[in-house]
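Visitor: Requesting a structural model of the entry that follows:
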Amino acid sequence: MNTQKKLFLLPYRFQTIGCILAGIGLVMWIIPFVAGFEGTTTIHWVLYATLAIYDGIFLIGFSREKQEDEFTLHLRTSSALTAMLVIFGLKILLTFVTGFLRWKEVISKGGLVEDMIHEITDLSMVFFLYLIIYKIRLARFNKECKALND
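Guide: I've put the predicted structure just below:
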C-alpha cells in the first residue's frame, strides 16, 4: 500500500525555510528587551515573533524528509500520539491541581478569554512536542542504520 500519495506534506526545502523563519522569530523575540522598547510596542514585537516561531515550526513539521517512507510515517504517527498523551496527561493533572484552587476566580472574573488562550497554547505545545519527539526518533534510527552499515 503506497501511503505517500495519501499523506499531504510540503517539499523538503520547506524545512530549511521553517528553520530560517523560526530563527528570525527568536531574534525578533529578543530585540524588544535588548533595545528597551516599552508598552504596546514590546507586546506587538513579541506577538509577531511568536507567530514567526510557530509558523517556522509548522513548516518544519509538515515538510517531507529527504527519504520519506513507511517507517517515517510510522515515526510521525507514534510521535504525534506520544506528544498528545504527554500534553493532555499533564493538562488533566494540572486541571485537578489548579482547577480546585481557581474555580472561584474564573467564575468571578470571567476568565473565558484566558482559558481559550491556554487551549490554543496547549495545541501548539502538542505539535511542538510531536516535532521534537519525531526528530529525535528519526535521528536515533538514522544513527543505528549508519552504525549497522559501517
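Visitor: Flag the helix or strand of the protein with the lowest per-element mean pLDDT.
Guide: Every helix and strand in the chain was compared by mean pLDDT, DSSP states H and E; the lowest is helix 70-109, with a mean of 74.
Visitor: Look up how far I43 lies from the residue lying closest to T72 once chain neighbours are set aside.
Guide: What sits nearest to T72 in space, not counting adjacent residues and going by Cβ to Cβ, 6 or more residues apart in numbering, is E65, at 5.4 Å. From N, CA and C alone the C-beta is placed, and that goes for glycine too. Between E65 and I43 the computed distance is 37 Å (Cβ to Cβ, to the nearest Å).
Visitor: For those two, indicate the residue with more neighbours.
Guide: E65 (16 against 11; other Cβ atoms under 10 Å).
Visitor: Could you pull out the helices in the chain for me?
Guide: With helices called from DSSP state H, the chain shows them at 13-35, 40-61, 70-109, 112-149.
Visitor: tell me the centre residue of this structure?
Guide: F128 (1.9 Å; Cα atoms, centre = their mean).
Visitor: quick one: contacts for that residue?
Guide: Neighbouring residues of F128 by Cβ atoms under 8 Å, 6 or more residues apart in numbering: I57.
Visitor: so how far is A83 from it?
Guide: 8 Å.
Visitor: what does stretch 39-50 contact?
Guide: If you take Cβ under 8 Å, 6+ apart as the criterion, stretch 39-50 is touched by 25-29, 31-33, 37.
Visitor: just stretch 72-84 next, same as before
Guide: Stretch 72-84 is contacted by residues 3, 7, 65, 126-127, 129-131, 133-134, 137-138, 141 when judged by Cβ under 8 Å, 6+ apart.
Visitor: try 7 Å
Guide: Contacting residues not belonging to stretch 72-84 are listed as 3, 7, 65, 126, 129-130, 133-134, 137-138 [Cβ atoms under 7 Å, 6 or more residues apart in numbering].
Visitor: now do stretch 56-64
Guide: 9-12, 14-15, 17-19, 21-22, 25, 127-128, 130-131.
Visitor: Can you give me the buried ones in it?
Guide: By neighbour count with 16 or more other Cβ atoms under 10 Å, stretch 56-64 contains the buried residues 56-61, 63-64.
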